[in-house]
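Student: can't give you the sequence, but here's the structure:
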């Protein structure tokens, strides 16, 4: 009983386990997922910019593949992640100044709402642009 | 209340020493208005004397009997069986997360007690510092003082550890003070306890919180740690700005 | 000379207080408890720090113990106590007939009381039954059971006591001549069995003392007497509220954090290991509690629980047995050396029970070490976990 032991935790898996969690917990899970997604995207983006250095052919070839539905879906995910993470950041910043903490759940619904509207707007623009 | 009887399967997390964990099932006849701890105690009394579990007051004043019931942190002495399962259903009971397991359903909460000590969390408060807001019926806080002495009352926080178990970041940051501890710091206030500033204004203090508000969702004792952490951030920012201007 | 080694069985109120007293008097102490700290009767107490007024008419020995210990505990363990006082209120004419006896009893026991008019009482506690005819202030308090026990355990630990929690005593070790020299233990957390040798074994298992003494072939006259208590989800007073009458069912209502707790009933049983919470008792608590504080009817049940008092004596009706305690040296009563049993008493008198028990042990072992627990402030309950 006296020896210090490892805490009963599954490490980062517990970040993403939604079982038994509430609205705020779901907000946290999506925030973490969007953060990881955006970080991965950042590296992809840098890789794409690297193509520019290889000359116009390489870049054009890349842009062609970027018009495939799979990549377009990926871009939509980036937009969703960016909108959610950004607006949720505003929600948390607001809360961190002690503002509207009891309304954190409603604010989260707002963040999700803005994300959905933004996604639709960008989606329509993306489809009409191509 | 009737003599309604339910048949409920209790699935209990078991672990002894260094042996690997397992789940044992016990089928019990229960009354739906009994509390979860009553079922656990009956399993010990009539089915398996090797089971260990923590409990003491059986009415939510001591904070000993926190467990995860169907994946949600609950104080099992005030959680009715009716509220967590149905007739013929299952109740899964596991120890709290983010603390070392002593055995079966018992965890070692030294981490939390040590941190509570570091912020000098008080066990008894004057009524003026811990008002009974939100009590529906003629709140007794209006009454005159006791022969000139202040009324004292036991703190709301019962140090049950549910909030630390429910916190999604407490598992990956062992040094994180945790919701109960930050709430205790907030309750004392930085204004009157400036020594708490450096303790809470650090990576393992209130900036580790990632606003999942699960602490508030599971708190059985009206502490609302989520709100208190955010309010403490406000206090810290205010105090830092004040000190910066004082220096300039 | 090496320290004498005492093994204390049970970490209820009595066990932790004895461990603290023994450790303070220089004993090496090992506590063996089958569950966590105060998981039995002690944990499931009402939480009333008695002024003694409840017993001032019928059981003055207990009443005097209570008022003295009440004042000591306020000083040595302020961390676990709400010292807000209490009220005895008389509502019916029958209650009023008890008034004179109550005043005399409290005076005889040295319990300071003040009579209030109904108006004054209602000003202090607006949620009282407005039909009250009189009220007396008494120096009651309420305590947090776990933290009270942990403060004693923490202080014992700081003086070297070792606690084996979740460890059953499965048998007593005998020297072959029927004398007790230790215990056989089963650590259920690690599933390990081991033996502990000691110079004296203290059986502080409350309602369960008979189970331990049976291992030495001894029986102790004890009546396990459970009672039901119910907690409601709103705090309606600052003081403990008692009915001005002889002790009965559901005549104490007291605040505990944001709750009110009503207790208790009284009946006798054979085996205290598990006693169900009876629904009719729960209903009775609401009925009786609402007689003192009608607003209780607008609250919701938060918890209902049952605790088994260890009353001394065999099979007499619960309320008529004295609430005092008794320490037995089994050398004197049963010619078994090395075993002392302490039982009876109540939470408020835990320190005194320990003092008397350890006095008995010291006398037995020809040691002349005075008790200092009444003057020694206890450590914070958290020190049980934090070094």
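Tutor: Okay, I see it. None of these values were measured; they are calculated from a predicted model.
Student: Which residue, other than its chain neighbours, is closest to residue B:115?
Tutor: residue B:181 (4.2 Å; Cβ to Cβ, 6 or more residues apart in numbering or on different chains). Every residue, glycine included, has its C-beta placed from N, CA and C.
Student: contacts for the lengthiest helix in chain B?
Tutor: For chain B, the helix reaching the highest residue count under DSSP state H is reported as helix B:225-247. Contacting residues not belonging to helix B:225-247 are listed as A:24, A:95-98, A:101-102, A:104, B:163, B:179-180, B:182-183, B:185-187, B:189-191, B:194, B:197, B:200-201, B:206, B:209, B:211, B:213, B:215-216, B:219 [Cβ atoms under 8 Å, 6 or more residues apart in numbering or on different chains].
Student: Next, the buried residues of that helix.
Tutor: B:225-236, B:239 (16 or more other Cβ atoms under 10 Å in any protein chain shown).
Student: Give me every residue in chain B lying close to chain A.
Tutor: B:68, B:70-72, B:95-102, B:107-108, B:111, B:166, B:168-172, B:174, B:210-214, B:216-217, B:226-227, B:230-231, B:233-234, B:237 (Cβ under 8 Å from any Cβ of the partner chain).
Student: returning to that earlier point: any chance of the buried residues of helix B:225-247 in CSV with pLDDT and distance to residue B:88 as columns?
Tutor: Conversion of the buried residues of helix B:225-247 to CSV gives the following (pLDDT from 0 to 100; distance: Cβ to Cβ, whole Å):
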residue, pLDDT, distance to residue B:88
B:225, 96, 36
B:226, 96, 36
B:227, 95, 39
B:228, 95, 41
B:229, 96, 41
B:230, 96, 42
B:231, 95, 45
B:232, 96, 46
B:233, 95, 47
B:234, 94, 49
B:235, 94, 50
B:236, 95, 51
B:239, 91, 56
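Student: Redo those residues as TSV? Include distance to residue B:126.
Tutor: Shown next, in TSV, are the buried residues of helix B:225-247 (distance: Cβ to Cβ, whole Å):
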residue	distance to residue B:126
B:225	21
B:226	25
B:227	21
B:228	18
B:229	23
B:230	25
B:231	20
B:232	20
B:233	26
B:234	24
B:235	20
B:236	24
B:239	23
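Student: Residue A:75 and residue A:129 touch, don't they?
Tutor: No - the pair residue A:75 / residue A:129 is not scored as a contact, 11.4 Å apart, by Cβ atoms under 8 Å.
Student: quick one: which of the two has more around it?
Tutor: residue A:75 (15 against 6; other Cβ atoms under 10 Å in any protein chain shown).
Student: where in chain B is pLDDT low?
Tutor: B:1-2, B:133-148 (pLDDT under 70).
Student: Narrow the contacts of helix B:225-247 to those that are buried.
Tutor: A:24, A:95-96, A:98, A:101, A:104, B:163, B:179-180, B:182-183, B:185-187, B:190, B:197, B:200-201, B:206, B:209, B:211, B:213, B:215-216, B:219.
Student: Contact partners for the residue in the stretch 151-300 of chain C that chain A sits nearest to?
Tutor: Nearest to chain A, among the residues of the stretch 151-300 of chain C, is residue C:189, at 6.3 Å (Cβ to the nearest Cβ). Counting by Cβ under 8 Å, 6+ apart, residue C:189 makes contact with A:1, B:16, B:17, B:52, B:102, B:103, B:104, B:106, C:165, C:166, C:167.
Student: Just put the residues you listed in a markdown table and tack on neighbour count.
Tutor: Listed next are the contacts of residue C:189 as a markdown table, based on neighbours: other Cβ atoms under 10 Å in any protein chain shown:
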| residue | neighbour count |
| --- | --- |
| A:1 | 16 |
| B:16 | 18 |
| B:17 | 11 |
| B:52 | 24 |
| B:102 | 22 |
| B:103 | 23 |
| B:104 | 27 |
| B:106 | 26 |
| C:165 | 22 |
| C:166 | 24 |
| C:167 | 27 |
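Student: closest to residue B:91 among the residues you listed?
Tutor: Lowest distance from residue B:91 to these (Cβ to Cβ) belongs to residue B:104, with 15.3 Å.
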